[in-house]
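Chemist: Structure, please.
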Amino acid sequence: MGGHEQRAKIVNPEGLHARPCHAVVSLVREYESVLRIRNGATEVNGRSILELMTLSANCGDELVLRAEGEDALALLEALTALIAAGFIEND
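Modeler: Alright, predicted model coming up:
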């Protein structure tokens, strides 16, 4: 079982708090692939807001994103764009 992996740096000043976690989960649920996200030694299910919050990812932290499934590459591309945009929190 291969899978695909990408890295993404947290750029928003507030880090991975509740609102960005919700944005990640909402995006991930549009895809069929399984997603795991790692920050340091902690790895969690990318479909769980509560698990994502346990990553305690701050601005500057680099996440490792690993997806498995038919649409894994598309999921990783969309997710890295969301993270790079600071979770679109500049409204």
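
Chemist: Would you map the helices across this structure?
Modeler: 18-28, 49-53, 72-84 (DSSP state H).

Chemist: I'd like to know which of these is closest to Gly3.
Modeler: Distance to Gly3, taken as Cβ to Cβ, is lowest for helix 72-84 among those, at 6.5 Å. Placement of C-beta: from N, CA and C, glycine included.

Chemist: send the alpha carbons of that closest one over as CSV?
Modeler: Output of helix 72-84 as CSV, limited to C-alpha atoms (Å, rounded to 0.1, in the frame of the first residue of the first chain):
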residue,chain,number,x,y,z
ALA,A,72,-4.8,11.1,-2.9
LEU,A,73,-2.8,13.4,-5.1
ALA,A,74,-5.8,15.8,-5.6
LEU,A,75,-6.5,15.8,-1.9
LEU,A,76,-2.8,16.6,-1.0
GLU,A,77,-2.7,19.4,-3.7
ALA,A,78,-5.9,21.0,-2.3
LEU,A,79,-4.8,20.6,1.3
THR,A,80,-1.3,22.1,0.8
ALA,A,81,-2.9,25.1,-1.0
LEU,A,82,-5.3,25.6,1.9
ILE,A,83,-2.5,25.5,4.4
ALA,A,84,-0.3,27.8,2.3
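
Chemist: Next, the angle from it to helix 18-28.
Modeler: Relative orientation of helix 72-84 and helix 18-28, computed by axes from the mean of the first three to the mean of the last three Cα atoms, to 10 degrees: 160 degrees.

Chemist: Correct me if wrong: Leu76 contacts Arg7.
Modeler: No - using Cβ atoms under 8 Å, Leu76 is not in contact with Arg7; the gap is 10.1 Å.
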